[in-house]
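K.L.:
coords please:
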Amino acid sequence: MKISNETKVGALTSITIVLLILGFNFLKGNSFSSKAAHYSAVFGNIQGLANSNPVMINGKQVGTVVSTDGGRDMRRIVVGINITQAVDIPDNSVAVINPSILGTTGLEIKLGNSATFYKTGDTLTTQVSAGMFDEAFQKVDPVLTQVRITLGTLDTLLRGFNKVLDQSTQENIRGTMAGLNKTMASLAQSAASIQTMLNAQSGSIAKTMDNVSSFTGTLAKNNDKLSETMANLDKTSENFSRLDFQKSLTTVDSTLNELKLAVRKINSEDGTIGKLLNNASLYNNLNATSNKINLLLDDIRVHPKRYVSISVFGKSAKQDPLVVPTPDTLNAPYLHK
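P.N.:
Take a look at the predicted model:
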């Protein structure tokens, strides 16, 4: 069967139209698979997001943007999203628009950690992005963001510091700096004095070191004498160590015990010495004897003729003997009963 040219042209035209329609839908982000999931997200500013822009999860494209409808109000733009891959999106995930300077603006879904997931047709929670330039700066050099935050904090700190520094505080700081200058000047003078002390020619430390050197030199010269003295000390200590101190201490202890025994016997009335020292009868007898001798001597002195009789012409005088001391011996140590 022969196909006419008209039929071939018509079939080719139909195939071309179908391919154009499919390509146009593909460029719009429409999926040809029935398994595609459809979600929506609402933004106040889509930052150049358009149809067919990619939808990313952790850096991988999982779908495309299929529509952006702001209505007549344009304050709430509803973005339609087709997810062409089987992905579980937790219900605490957020959708963020990532503008790009060099590439196409995309929509990123930051996954949450919930155990429940969005269903087809649900509206995703959105989050405002930091902006195109801020995002670029954060990607190029994160340190710049920290520097900017630090500069803001430093500016706030300096403003507060300027408020604290009133006129009186500034004067106090100036006085403190003046005091520090005087202190530094004093330290400089002290350093000069120390340098003078450290002078090798006339410094006090140098003289002290000379004295120490002289002393050590004297010790070195008398090293032999010191050695001989130490040897004598060693011999003396050796002789002391050879002495039987225990035997000597035992002898001394025995002597002390005997001395205690002798003193105990003297204090008692058992021995002769004890009786002489402790018995009052000997004292009384001696005192009575002394009294009688004293009375006898007084009687001999007063009546000598009673004891020596020399008579030439007459008789010897008959007088009674003395029984009490004469007045001139009243203070004599007689025993008065």
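K.L.:
Buried residues of the strand ranked longest in the chain, list them for me.
P.N.:
In the chain, with assignment by DSSP state E, the single longest strand is strand 60-69. Of all the residues in strand 60-69, those buried under the rule 16 or more other C-beta atoms under 10 Å are 62-67. Any C-beta I mention is one placed from the backbone N, CA and C, and that applies to glycine too.
K.L.:
With stretch 207-227 instead?
P.N.:
Under 16+ other C-beta under 10 Å, stretch 207-227 has no buried positions.
K.L.:
For the protein, name the helix or strand with the lowest mean pLDDT.
P.N.:
Using mean pLDDT, DSSP states H and E, the weakest-scoring helix or strand in the chain turns out to be helix 132-140, at a mean of 56.
K.L.:
before we move on, back to that, for the longest strand of the chain, what is the average pLDDT?
P.N.:
Per-residue pLDDT over strand 60-69 has a mean of 93.
K.L.:
Alpha carbons of that strand, in CSV - could you do that?
P.N.:
In CSV, the C-alpha atoms belonging to strand 60-69 read as follows (Å, rounded to 0.1, in the frame of the first residue of the first chain):
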residue,chain,number,x,y,z
LYS,A,60,19.5,17.7,44.7
GLN,A,61,16.7,18.7,42.3
VAL,A,62,13.6,16.8,43.1
GLY,A,63,11.0,18.9,41.2
THR,A,64,10.1,22.1,39.5
VAL,A,65,8.0,25.2,40.0
VAL,A,66,4.9,24.9,37.9
SER,A,67,3.0,28.1,38.8
THR,A,68,3.3,31.5,40.5
ASP,A,69,-0.1,33.2,41.1
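K.L.:
Tell me how many other residues crowd the residue nearest to residue 125 when sequence neighbours are not counted.
P.N.:
Spatial nearest neighbour of residue 125, chain neighbours left out: residue 94 (4.9 Å); criterion: C-beta to C-beta, 6 or more residues apart in numbering. A total of 14 residues lie near residue 94 under the criterion other C-beta atoms under 10 Å.
K.L.:
Next, the contact list for residue 94, please.
P.N.:
109-110, 112, 124-127 (C-beta atoms under 8 Å, 6 or more residues apart in numbering).
K.L.:
Just put those residues in JSON lines and tack on distance to residue 148.
P.N.:
Formatted as JSON lines, those follow (distance: C-beta to C-beta, whole Å):
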{"residue": "109", "distance to residue 148": "28"}
{"residue": "110", "distance to residue 148": "24"}
{"residue": "112", "distance to residue 148": "29"}
{"residue": "124", "distance to residue 148": "31"}
{"residue": "125", "distance to residue 148": "28"}
{"residue": "126", "distance to residue 148": "26"}
{"residue": "127", "distance to residue 148": "21"}
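K.L.:
re the thing from before, for the residue nearest to residue 125, phi and psi?
P.N.:
Torsion angles at residue 94 (phi, psi; degrees, to the nearest 10) stand at phi -130, psi 150.
K.L.:
What's opposite it in the beta bridge?
P.N.:
residue 110, residue 125 (DSSP bridges).
K.L.:
ok, now how distant is it from residue 54?
P.N.:
17 Å (C-beta to C-beta, to the nearest Å).
K.L.:
swap in residue 151?
P.N.:
In terms of C-beta to C-beta, residue 151 sits 36 Å off from residue 54.
K.L.:
Could you tell me what pLDDT the model assigned to residue 283?
P.N.:
Looking at residue 283, the pLDDT reads 74.
K.L.:
ah, wrong one, I meant residue 242
P.N.:
69.
K.L.:
Offset the numbering so it begins at 34, please.
P.N.:
Okay, residue one is now 34; in that scheme the one you just asked about reads as residue 275.
K.L.:
Please pull up the helix or strand immediately following the longest helix seen in the chain.
P.N.:
In terms of residue count, the longest helix belonging to the chain (DSSP state H) is helix 200-230. For helix 200-230, the following helix or strand on the C-terminal side (DSSP states H and E) is helix 237-254.
K.L.:
Neighbour count: residue 184 and residue 87, which is higher?
P.N.:
Neighbour comparison, residue 184 and residue 87: the larger count goes to residue 87, with 18 against 10 (by other C-beta under 10 Å).
K.L.:
And the strands in the protein?
P.N.:
70-76, 87-90, 93-102, 110-116, 127-131, 139-143, 156-160.
K.L.:
Give the buried residues for the fifth one.
P.N.:
What that stands for is strand 127-131. 128-131.
K.L.:
and it, average pLDDT?
P.N.:
92.
K.L.:
and the angle for that strand with strand 70-76?
P.N.:
Orientation of strand 127-131 against strand 70-76 (axes from the mean of the first three to the mean of the last three C-alpha atoms, to 10 degrees) gives an angle of 70 degrees.
K.L.:
Any regions of the stretch 184-333 of the chain where pLDDT drops low?
P.N.:
194-199, 230-239, 275-277, 302-304, 308-309 (pLDDT under 70).
K.L.:
Looking at the buried residues of strand 93-102, which is nearest residue 204?
P.N.:
residue 98 (66.4 Å; C-beta to C-beta).
K.L.:
what are the bridge partners for that closest one, then?
P.N.:
Note on residue 98: beta-bridge partners by DSSP bridges are residue 114.
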